[in-house]
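K.L.:
Quick one, what's the 3D model for this:
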Amino acid sequence: MGRTRWRYRPRRATTRSASNTSRDTCTSNSSPPRKDGRQPPKPDQELIELSKKHLAQHDLLGKTSDTGPPIAFNLPPLQGETLDEHFYRLGMESADDYLKLSKRYAIASPPPKPRKWMRRSGWTKYYPDGTEEAVPSPDADVLTFDVEVIYHETSFPAMACAVSADHWYAWLSPWLLGESDSDRHLIPLGDPTKKRIVVGHNIGYDRARIKEEYSLTQSRNFFIDTMSLHVAVNGMCSRQRPSWTKARKAREFQDKLSRDDEYEGLGSLVNGSNSASGSTGGLMEEEEEPWVGRSSANSLRDVAKFHCGISIDKSRREWFGELDREGVLERYDELLDYCAADVDVTHKVYKKVFSNFLETCPHPVSFAALRHLSTCILPVDKGWDEYITNAEATYQRMSKGVEERLVGLAEKAVGLKEEAGVYEKDPWLRQMDWGGQEVRMTKPGRPAARQKKAGMPRWYKELFAKEDSAMAITVRTRVAPLLLRLAWDGWPLVWSGRFGWTFRVPGSKAAKYAASMTEADMSDDPEISQLGNAYEDAGEVYRYFKLPHPDGPAARCASPMAKGYLQYFESGVLGSEGGDPYAREALDMNAGCSYWISARDRIRHQMVVRQREVDDPASPDAPAADDNDLGFILPQIIPMGTITRRAVENTWLTAANAKSNRVGSELKSIITAPPGYSFVGADVDSQELWIASLVGDAAFGLHGGGALGRTAGILGIKRDEAKVFNYGRIYGAGVKFAQTLLRRFNTGLSEQEAEVIARELYRQTKGTKVRGRKGLRGGAGFWCGGSESLVFNGLEGFAQEERPRTPVLGAGITEALRKRYLGSGNGYSNNTKKDGGVGGGSPTSSSSPSSSYLTSRINWAIQSSGVDYLHLLILAMEHLCTHYAISARLALTVHDEIRYLATTPDRYRCALALQIANVWTRAFFSEQMGIHDLPQACAWFSAVDVDFVLRKEVDMGCVTPSHPEAIPAGESLGIGALLAKGEGVAGLGERVGGGEEVVGGYGFVERVPVMEGLAGRREEGEGRVWLRAQIAGGRGEVDEVLRGAGTGGKGSSARKTGKSETLTRAVEGKGGGRDGGNKAVKVRRQRVKAGKDTRLPAPPTSQTARANTARVQPKPKQRQYAPTTPPFDEWGLLRSMNRPHMGNSSSEKKKAWPMDLGLGAHHQNKGWPLPGKVAMSSAGVGRG
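P.N.:
Model prediction:
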């Protein structure tokens, strides 16, 4: 099965494939020597054979999707010997100056706050001696900054405070002081080309009020968000928040009892202390979980209390919401004191959390990427105002239409009040309360006064607040589904106070629903009595079934018109019976308004600043200089808003794609590139699934060795639908999740059928749980026999580490999810076999405190690695744009989507830079996973979009009820189409400044990859046994593997043999050997800038460091390992940031690798890459 191989080498070569898999795996049968004469590492034949066996077991051997031709063009040189050094130097190139400023500021002590504030518009600088002066902007390199807004009147700032290491600054709006009629004044920070650090808590909010940020040219301001730093270091997952809130309330209650004399004695009773009796059993005996003390909520008040022990009084903040401009001006001294106090506290928090963040996320790329994520920008034109006007007008028209139709249906129904024979036989109308039609009369025989809708039925009266008020009815009103004659699969809906909305089916036709729906027993429900005999109506026995709910069969449906039921309306399962056109129109209009109802407030309150306002703030209402009327929106992004370090923002990062029947859903397409600019971007294809697949492939050391991706075939569904199951599974969701999802996709499935299918899916993918084999994982459980067993064992291995780190950039998990604070245990519940949830069982607290959060830890391993991917991509783009003079800046990133704003002449070069950045990033991921190869099929973006609006796909017309005209299509270019643009496009052009190595002067210490750290715990022989056990077909075959390896079966101990793998090397000593004497000391190899240093490192100075330089001897019956990665100090990442260049002579300076992709003879003079380089082939990028 020969195939053309593309590789960073000077000539074309062919190879044979080790195993043609679903993800295109090939290995090289020959490689030219490198410049130092060393041969590239050869694939391990035994691992290849094991991979073939594994793939054949799952019917994937020999299948391939790689049919594209080889791609060849010159790539930029790597900045270092390895991709690890390359990205380290790229990160340092971007971050070095900012890191120096940040670290210096983290030990600074600002002067005391001014005692009196000057009543002066603009900036005022305050000196420590009490003097002050007016300045155009702060002149400091680093500031802690906070803005205050009278938010019920305007989105623009009223005042601001800032502090540097030496001075205080205050800014007052001319509008606040009555010097301007316009409130639309922005805060100047000074020269946007000057490198500057701006620190704040939720700094994205403050950035949106800074003048220099409203420009197409990116400023050099670095906004450091202390909220993000806290979340990355001490944040908590959503599942922990209820427990943390409960614990905080308990602590506050205890503190109140302890402080208040009125409750003297009660505090000791609650806390459980009794000095007289010596007993400790109080009313609040529940012990606080250890992780609660390692986390807090994200507000400045909570973060300051957690990190600094400072209590903040935020009561004065309410004045900005209660007072008008004059009221705020009267109290400006107090409010500036409040603003300055927040600045002071924020700086104290920064001093604590910044160093913790650098230790948790030590790689410079993790820090440098935050500058770009914090400075996103969205340009708009006059179409923005038109969009809001059209969407609101369409919504009001449709909303009024819905209301008019409901009013009409109500009037039509009440007209039948005298015809009891009609409404009592109608399955919908009979459910309404027709009582209360009596008219109270006075003695003279006249109707009594103050009767609301006298003579009308009770359900009708409830629609009016007063006699003379208008009817108040919406789709959420209880009688609305009855007036609309809603039915499930043609059967009328019935309301039950106990079960919510149900539908009634004759017993003879109920079998179809009994198998797939949750039945409701109405025999003792008093609300159903008005329907007559519910079980013997018209001689037929009726049965009732609950409408499905997204939260499962136990939840009840409160409104079938809710957003979650739109899919059932669209599929026709839920609809209106009887053919009433009013009802159908009302349903269609309600569906069309759903998006705008949920998003309109967030969209209408977006802060849009026009370019003319920035240029001339004195006259913001002046007419536009041109028809375009350029403006900007600065998304108020929290760059690390979750514990996985994903960015968070409540409008743009959650915006849906345009749908033809949803008012306002064209939101993203309203973001329009200015004249002379284009949006250039791409979606990372199945980014997190690819990362998960690498975890499994790493066991074989080659791409495609694992068998991820059989869900669609097993379930017989589409690939897009299968993605939902795949993502849920790798995030730790269990059988219950798959069962619920199956029933959502196919409402005809019964609970039992869905469970059987879900279990079969997990059996074939996740595999079978095996426990009690002490020779493997010390007897802990592991998965075997499934197509994805290797993946899940790898992910759970990450999750069960004492201090998990992402496999590429080595970012650590938040303290609140570290194992030491969650307790001991394997993290699985006792009902593992029954459910198959996280690691086979649904997480409960029955086994250990940590088991409840294993899902979150697995989720963190994947999603945080996805964030590493994005950060690497951004830094690679910064390097390429800087050194090849590509005029582009990051506009927005949404998880696995990235969009740049590039000048039109540079749009194709920007697209090519994105492709190159993706190749570098994927190759780096592969290298760090121990796979020195990258398949062409996943090396490139499938397409890079070049467009003039922001949208998911370039061919989406974005036609909606509020936007009836289709938007012209943009360009979508694969790597082949991009290179076919011409000679001027098939390359980035000349490097600015010339030369190959442009990033130097940063000391680099090669680190041990995290995956090697995990694999290095096992001796070589044990590692192969472990791999064979994972791909075994079941428990019996696992025992055979153990017996064949001489380790015995269930209950036996593994005998460790052989030498350790690549993590460590043996250093010979006296009497070394297996039989006794001094044991070999195993240390990791280090590569420094000047070359290899084979000397032993100095004795470690900390217990953690010693654990990394010598294997800790296990205690009896307890297996111990060194930490997964060297501790923070040994990585040398931060220490080497200020280290001078270690090699000054020309012989000591490294030569950059000319990372040329050439398949023709004219590239033969390039030579073979230096040691440690990564090379490409049609199978992959392999270490040269």
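K.L.:
can you map out the strands along the stretch 501-650 of the chain?
P.N.:
519-520, 542-546, 574-576, 608-610, 631-633 (DSSP state E, counting those that start in this stretch).
K.L.:
Sheet partners, orientation included, of the fourth one?
P.N.:
When pairs are called by DSSP bridges, strand 608-610 turns out to pair with strand 631-633 (antiparallel).
K.L.:
one step back: the strands of the stretch 501-650 of the chain into JSON lines, with extra columns for distance to T131, mean neighbour count and mean pLDDT?
P.N.:
In short, each C-beta sits where N, CA and C put it, glycine included. What follows is the strands of the stretch 501-650 of the chain, written out as JSON lines (distance: least, CB to CB, whole Å; neighbours: other CB atoms under 10 Å; pLDDT from 0 to 100):
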{"stretch": "strand 519-520", "distance to T131": "77", "mean neighbour count": "19", "mean pLDDT": "88"}
{"stretch": "strand 542-546", "distance to T131": "74", "mean neighbour count": "22", "mean pLDDT": "89"}
{"stretch": "strand 574-576", "distance to T131": "72", "mean neighbour count": "21", "mean pLDDT": "87"}
{"stretch": "strand 608-610", "distance to T131": "34", "mean neighbour count": "20", "mean pLDDT": "95"}
{"stretch": "strand 631-633", "distance to T131": "37", "mean neighbour count": "22", "mean pLDDT": "96"}
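K.L.:
In three-state terms, label L416 for me.
P.N.:
coil (DSSP: H, G, I helix; E, B strand; the rest coil).
K.L.:
So it versus E577, what's the distance?
P.N.:
17 Å (CB to CB, to the nearest Å).
K.L.:
Show me where the stretch 251-400 of the chain dips below the pLDDT cut-off.
P.N.:
259-287 (pLDDT under 70).
K.L.:
F320 against E153, yeah?
P.N.:
No. At 9.4 Å, F320 does not count as touching E153 under the criterion of CB atoms under 8 Å.
K.L.:
of the two, who's got more company?
P.N.:
Comparing F320 with E153 by neighbour count (other CB atoms under 10 Å), the higher total belongs to F320, at 20 against 16.
K.L.:
can I assume that one sits in a strand?
P.N.:
No. Using three-state DSSP, the assignment for F320 is helix, not a strand.
K.L.:
Please name the nearest non-neighbouring residue to it.
P.N.:
Leaving aside its sequence neighbours, F320 sits nearest to I150 (CB to CB, 6 or more residues apart in numbering; 5.4 Å).
K.L.:
same thing with S137?
P.N.:
G190 (3.8 Å).
K.L.:
now L483
P.N.:
L409 (4.2 Å).
K.L.:
That neighbour is in what secondary structure piece?
P.N.:
helix 383-414 (DSSP states H and E).
K.L.:
Who are the packing partners of that helix?
P.N.:
helix 480-483, helix 581-604 (3 or more CB pairs under 8 Å, 6 or more residues apart in numbering; DSSP states H and E).
K.L.:
elements contacting the first one?
P.N.:
In this case it means helix 480-483. Using 3+ CB pairs under 8 Å, 6+ apart, helix 480-483 sits against helix 383-414, strand 491-496.
K.L.:
now for these, which one comes closest to G716?
P.N.:
For G716, the closest of the helices and strands packed on helix 480-483 is strand 491-496, at 28.2 Å, according to CB to CB.
K.L.:
Return the list of strands paired to that closest one, each annotated with direction.
P.N.:
Per DSSP bridges, strand 491-496 is paired in its sheet with strand 486-488 (antiparallel), strand 500-506 (antiparallel).
K.L.:
Quick check: buried residues in the last one?
P.N.:
Neighbour-count burial for strand 500-506, with 16 or more other CB atoms under 10 Å as criterion, is recorded at 500-505.
K.L.:
That one: how far from the chain's middle?
P.N.:
From the chain centre to the centre of strand 500-506 is a distance of 39 Å (CA atoms, centre = their mean, to the nearest Å).
K.L.:
neighbouring contacts of that strand?
P.N.:
427, 481, 487-489, 491-496, 513, 520, 522, 534, 540-547, 549, 556-560 (CB atoms under 8 Å, 6 or more residues apart in numbering).
K.L.:
returning to what we had before: verify the contact between the residue nearest to F320 and E322 for me.
P.N.:
No. Using CB under 8 Å, I150 is not in contact with E322; the gap is 9.7 Å.
K.L.:
Next, work out how far apart the residue nearest to S137 and E467 are.
P.N.:
From G190 to E467 the distance is 65 Å (CB to CB).
K.L.:
Neighbour count: the two, which is higher?
P.N.:
The residue with more neighbours, out of G190 and E467, is G190; 19 against 12, by other CB under 10 Å.
K.L.:
How about the contacts made by the residue most central in space within the chain?
P.N.:
Central residue of the chain (CA atoms, centre = their mean): R646, 4.0 Å from the mean position. By CB under 8 Å, 6+ apart, the contact set of R646 is 640, 863, 866-867, 895.
K.L.:
picking up where we left off before, please work out which of the helices and strands packed on helix 480-483 is packed deepest.
P.N.:
The highest average neighbour count among those, using mean count of other CB atoms under 10 Å, belongs to strand 491-496 at a mean of 21.
K.L.:
hang on, the earlier thing: higher neighbour count, I150 and E322?
P.N.:
Set I150 next to E322 and count neighbours by other CB under 10 Å: I150 wins out with 25 against 10.
K.L.:
hey, where'd the strands end up in the stretch 201-350 of the chain?
P.N.:
221-225.
K.L.:
how about the helices in it?
P.N.:
203-207, 226-234, 241-259, 266-271, 300-308, 319-322, 325-330, 332-360 (DSSP state H, counting those that start in this stretch).
K.L.:
can you list those in a markdown table and add distance to W168?
P.N.:
As requested, these are exported to a markdown table (distance: least, CB to CB, whole Å):
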| stretch | distance to W168 |
| --- | --- |
| helix 203-207 | 16 |
| helix 226-234 | 19 |
| helix 241-259 | 33 |
| helix 266-271 | 42 |
| helix 300-308 | 19 |
| helix 319-322 | 21 |
| helix 325-330 | 20 |
| helix 332-360 | 7 |
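K.L.:
Quick one: closest of those to P807.
P.N.:
helix 332-360 (15.5 Å).
K.L.:
Can you give me the buried ones in the closest one?
P.N.:
332, 335-358, 360.
K.L.:
same thing with stretch 226-246?
P.N.:
226-237, 240, 243-244.
K.L.:
So for D146, which of the helices of the stretch 201-350 of the chain sits nearest?
P.N.:
helix 332-360 (4.9 Å).
K.L.:
Can you name the next helix or strand after that closest one?
P.N.:
helix 364-373.
K.L.:
Show me what that next one is packed up against.
P.N.:
By 3+ CB pairs under 8 Å, 6+ apart, helix 364-373 packs against helix 83-105, strand 221-225, helix 854-883, strand 888-894.
K.L.:
quick check: angle from the first one to helix 364-373?
P.N.:
Between the direction of helix 83-105 and that of helix 364-373, the angle (axes from the mean of the first three to the mean of the last three CA atoms, to 10 degrees) works out to 70 degrees.
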